[in-house]
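Trainee: Next input, structure requested:
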Amino acid sequence: MTRILHFANSSLFFYADRTGILIDGLFGAGPYQCFSPLPAPIRRQMLKRQGIFGHVDALLFTHAHGDHCDRDALHFFRHLHEQPPAVFLFGESDNTLHADRVDSRIQRLEVGAFTIYAVAAPHQCIGKKNKALFALPNCSFIVCQGTERFFVAADSRWREEDLRLVQPFGRFNAVFCNAYHLIWDESKRFFEKLDAERIYIYHLPLQEDDIYAYHSLAKHAAQNFRMRNQRHPAIMPQMEWLGEEKPLWAENLQKANQQKEEGET
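Mentor: The predicted structure is shown next:
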C-alpha cells in the first residue's frame, strides 16, 4: 500500500516498497509570493537528508514555477550530496531520470516500485495580462504502484475531451487537484466524469501564508462539487500523512522529535 505525505503547496511524497518519489516538493512562495516557502521542518530534513529526504529516490516536477520547483533549492540539494536522487523537471533537457516517449503527450518514467506517466497539458491561465507567465512546459503525473493509481493534476488545464487520455488507466484511488479545477466550468466537467474513489483539493499555502484566502476558496469548491460517485472532495491535510498509517521510519522520526521537544521543555 502506498503511503502519501503532503506538506504545502503542491508537494506530494509517495512511498511504497522502500521506494520514495517526491512531486513538486522543493518549492518556494511562487511568482506572486502567495504560496508557502519550504516549511522549516522539511528544510531541515533536506539539509541533513533525513526523514523523507533520507528515503526519496526521485524528485519530479510538473513545471518550473517557483511554488512547485525552487531551482536554487534543487541546485543546492543536488550538489549537497554525493548521490542525490534522480530528477525529472518536465520540459528540461538535462534531467537525470530517463523518460520513455509513449505518444505525443505522454512520457513514462520508472522509479523502483513506481511507474509514473507525465502527461503534457497547458497550464491554467489566471488573468489575460499574464499569459506569458503560464506559457511554459507543464504536465500532470499519473502515479502507478501495483494496482493503485493516483492522478496528480497540479496546475494543468483539463477539459472534458481530455478524458480519453486518462481513461485507459482505469479507476483512480485518489485524485489531487486545485480548487479552480472544481470551480471553472471547463475543467469541472472533466473532474465530474473522472472515475475516482476520492478527490483531494491541494495546492494551498499554509494557513499563515494564505494572503488570498485560497483555503476559503477550497472549502467552497468542496461543498459545491460532487464526484461521479456523488461524494464531495476533501481538503488535503497539510504537514501530515494521508490516513493513519505511515512508514516505520516516519514514526521513529516523529517519536525522536517529540522526545527532543520534551527534553527541551
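
Trainee: buried ones in stretch 8-27?
Mentor: The neighbour-count check on stretch 8-27 (16 or more other C-beta atoms under 10 Å) flags 8-16, 19-27 as buried. To be clear about C-beta, it is placed using only N, CA and C from the backbone, and glycine gets the same treatment.

Trainee: same question, stretch 37-44
Mentor: Taking 16+ other C-beta under 10 Å as the neighbour-count basis, stretch 37-44 is seen to contain the buried residues 37, 38, 39, 42.

Trainee: Quick one: residues in contact with it.
Mentor: With C-beta atoms under 8 Å, 6 or more residues apart in numbering as the contact definition, stretch 37-44 has outside contacts at 7-8, 25-29, 46, 50-52, 70, 73, 206, 209, 239.

Trainee: make it 10 Å
Mentor: Defining contact as C-beta atoms under 10 Å, 6 or more residues apart in numbering, one finds that stretch 37-44 is touched by 5, 7-9, 11, 13, 25-30, 45-46, 50-53, 66-67, 70, 73, 205-206, 209, 238-239, 253, 257.

Trainee: pLDDT on that stretch, on average?
Mentor: Stretch 37-44 shows an average pLDDT of 93 in the prediction.

Trainee: got the CA positions of that stretch in CSV?
Mentor: Once side chains and other backbone atoms are set aside, the C-alpha atoms of stretch 37-44 remain, and they are given as CSV (Å, rounded to 0.1, in the frame of the first residue of the first chain):
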residue,chain,number,x,y,z
PRO,A,37,8.1,28.7,1.3
LEU,A,38,9.5,25.3,2.2
PRO,A,39,8.5,24.7,5.8
ALA,A,40,11.3,24.7,8.3
PRO,A,41,11.0,21.0,9.4
ILE,A,42,11.1,19.9,5.8
ARG,A,43,14.1,22.1,5.0
ARG,A,44,15.9,20.6,8.0
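
Trainee: quick one: it to chain centroid distance?
Mentor: Between the centre of stretch 37-44 and the centre of its host chain there is 16 Å, according to C-alpha atoms, centre = their mean, to the nearest Å.

Trainee: show me where this protein has helices.
Mentor: Secondary structure of the chain by DSSP state H: the helices cover 40-48, 71-80, 131-134, 163-166, 185-193, 214-224, 248-264.

Trainee: got any ranges where the stretch 51-200 of the chain has weak pLDDT?
Mentor: Counting by pLDDT under 70, the stretch 51-200 of the chain shows low-confidence ranges at 127-129.

Trainee: would you list every one of the strands in it?
Mentor: Shown for the stretch 51-200 of the chain, the strands assigned by DSSP state E, counting those that start in this stretch span residues 58-61, 86-89, 100-101, 106-111, 114-120, 139-145, 148-152, 174-177, 199-201.

Trainee: As TSV, the helices of the chain with distance to residue 233 would be great.
Mentor: Formatted as TSV, the entries for the helices of the chain read as follows, by distance: least, C-beta to C-beta, whole Å:
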stretch	distance to residue 233
helix 40-48	25
helix 71-80	30
helix 131-134	24
helix 163-166	17
helix 185-193	9
helix 214-224	5
helix 248-264	25
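
Trainee: To residue 107, which of those lies closest?
Mentor: If you check each of the helices of the chain against residue 107 by C-beta to C-beta, helix 163-166 wins as the nearest, at 12.6 Å.

Trainee: what's the straight distance from one end of stretch 132-149 to the other?
Mentor: Stretch 132-149 stretches 33 Å from its first residue to its last (C-alpha to C-alpha, to the nearest Å).

Trainee: ok, now stretch 207-219?
Mentor: Here the two ends of stretch 207-219 are set 13 Å apart, with distance taken as C-alpha to C-alpha.
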